[in-house]
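# Turn this into a structure:
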Amino acid sequence: MGEGGLMTRRRAVELMTAVTEGGRLMAEVTGGLLAELSPAERARAQRLATEALRWAQRSDRVLGPYLRNRPEDPILNILRLAVFELFEAGEAPHGVVNDAVSLAKGPKSGLVNAVLRNVLRAHLDWTALPVPSVPKWLRKRLVAAWGKEAVAAMEAVFAAQTPLDLTVKEDAEGWAKRLDGELLPTGSVRLAKAGQVSALEGFDGGAWWVQDAAAAIPARVLDPQPGERVLDLCAAPGGKTMQMAGAGATVTALDISPARMERLAENLARTGLSAECVTADVFEWSPPAPFDAILLDAPCSATGTLRRHPDLGYAKSDEGIAGLVALQDRMIDRALGWLKPGGRLVYCTCSLLPEEGEERAAAMASRHPDLVFVTPDASGLDPAWRIPLGLRIRPDHWAGRGGIDGFFVTMVQKPA
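Next up is the predicted model:
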């Protein structure tokens, strides 16, 4: 694969180790670790790290018989990456093993060489091994909420190759054809294999942006109208802001992170859309006037995005969930105070945990009995998603289509 391939694999291993050893989310470290790579190499390194982590459980089963002791994370991740490339990605063994040995360096290179050659000699049936399971702390909660059968179906979706979803400014059907993709019932365009996103037709011209089909639904449910004043809370990186601006609304986008707001501004510039960008703490900022509609995509465990972000399973635990739940309630109450009479609020989280979704809606109803819960009405909504207080979207609901992120969405209207 050459020196360029070796460097890409080195950076992929470093990304994996930042997650497994450092407890960091991959998005937090990608910019620094991959800065020197070309766009194509960056995309490949990120894909290798993501997929190797997705299959790490199965790789560990393969490696176990040939390891007397668990090696330190950098060496273990070299082995995990190699096993993924050999058996799941189907790369040529010679190049994979040679690069793995080169990455190990020093005395550990002999261990890596011996283990991988033993693995190759075993002629194992990779596909017969169990599908990777979600982390124990999360699996217990999911089984309690949805049952073992549903969780097993989600795990099968998490193990599959994740397609890429796009939200298109206009002519979604035409762009689906141009990019050889599928127009989903909800209006998103799905690409089975995308490669380097920035190299796709329409990226430079801002014709579309990357946004999972589930993440595009809250703004469709809110249904902002031309001329309405709309607030996007926790807005970065801006997918929902761009949806609402594209619908003709006057959008204020608020987020506490300067770095994430910079990315939102870049996305707006690329797509030629406009919004008022505010970098502030939601509990310290106040709007000059109330809004017609507010979209609150609240901070959450992000457990619904495991199919796209397997690093979550290594970098997160359930320790912070109680704090997130309290924060979600405070943000809901804060947002409701900024609505005009008759205004509407969409609350959503990319979580599979009822305490961050259904239970927050029930608590909102208890605290604000005058609110009216509005039945979500947007094109392409799957009947399986509908629940009494909104929408519950699970990855297994679209298993046959390549999955979808887990989301909870509810909409309420303030009394007129």
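# quick one: the spatially closest residue to Phe203 that is not a sequence neighbour from Ile217, how far?
Sequence neighbours aside, Val197 is the residue nearest to Phe203 in space, at 6.4 Å (criterion: Cβ to Cβ, 6 or more residues apart in numbering). To be clear about C-beta, it is placed using only N, CA and C from the backbone, and glycine gets the same treatment. Relative to Ile217, Val197 is positioned 21 Å away (Cβ to Cβ, to the nearest Å).
# do Glu155 as well
For Glu155, the distance to Ile217 equals 23 Å [Cβ to Cβ].
# More neighbours: which of these two?
Between Glu155 and Ile217, counted using other Cβ atoms under 10 Å, the more crowded position is Ile217 (27 against 21).
# Kindly report the domain assignment for this structure.
Following automatic domain parsing, one gets these domains for the chain: 2-128, 203-413.
# just how off-centre is the last one within its chain?
In terms of Cα atoms, centre = their mean, to the nearest Å, the gap separating the centre of domain 203-413 from the centre of its chain is 13 Å.
# Same question for the first one.
Domain 2-128 has its average C-alpha position 22 Å from the chain's average C-alpha position, going by Cα atoms, centre = their mean.
# mean confidence for it?
Looking at domain 2-128 alone, the average pLDDT works out to 94.
# nearest spatial neighbour of Ala207, skipping sequence neighbours?
Nearest non-adjacent residue to Ala207, counting by Cβ to Cβ, 6+ apart: Lys169, 5.9 Å away.
# go on, Pro258?
Nearest residue to Pro258, sequence neighbours excluded (Cβ to Cβ, 6+ apart): Thr279, at 5.3 Å.
# buried set for the helix or strand in which Asp99 is found?
Taking DSSP states H and E as the definition, Asp99 sits inside helix 93-104. Across helix 93-104, burial judged by 16 or more other Cβ atoms under 10 Å covers 96-97, 99-101, 103-104.
# Which residues outside stretch 39-52 are in contact with it?
Here stretch 39-52 makes contact (Cβ atoms under 8 Å, 6 or more residues apart in numbering) with 4, 7-9, 11-13, 15-16, 19, 26, 30, 34, 37, 59, 77, 80-81, 84-85, 88-89, 161, 195-199, 308-311.
# residues of that stretch that come out buried?
For stretch 39-52, by 16+ other Cβ under 10 Å, it's 41-46, 48-52.
# Stretch 181-198 now?
By 16+ other Cβ under 10 Å, the buried positions in stretch 181-198 come out as 181, 183-184, 186-191, 194.
# Check whether the residue nearest to Ala207 really touches Gly206, as I assumed.
Yes: the pair formed by Lys169 and Gly206 meets the contact definition of Cβ atoms under 8 Å, at 7.4 Å.
# Could you name every residue contacting both of these two?
271, 273.
# any idea how far Leu231 is from the spatially closest residue to Leu76 that is not a sequence neighbour?
Once flanking residues are discounted, Leu76 sits nearest to Arg70: 6.7 Å by Cβ to Cβ, 6+ apart. As for Arg70, its distance to Leu231 is 49 Å (criterion: Cβ to Cβ).
# neighbour-wise, which of these two wins?
Under the neighbour definition other Cβ under 10 Å, Arg70 and Leu231 were set side by side, and Leu231 has more, 28 against 11.
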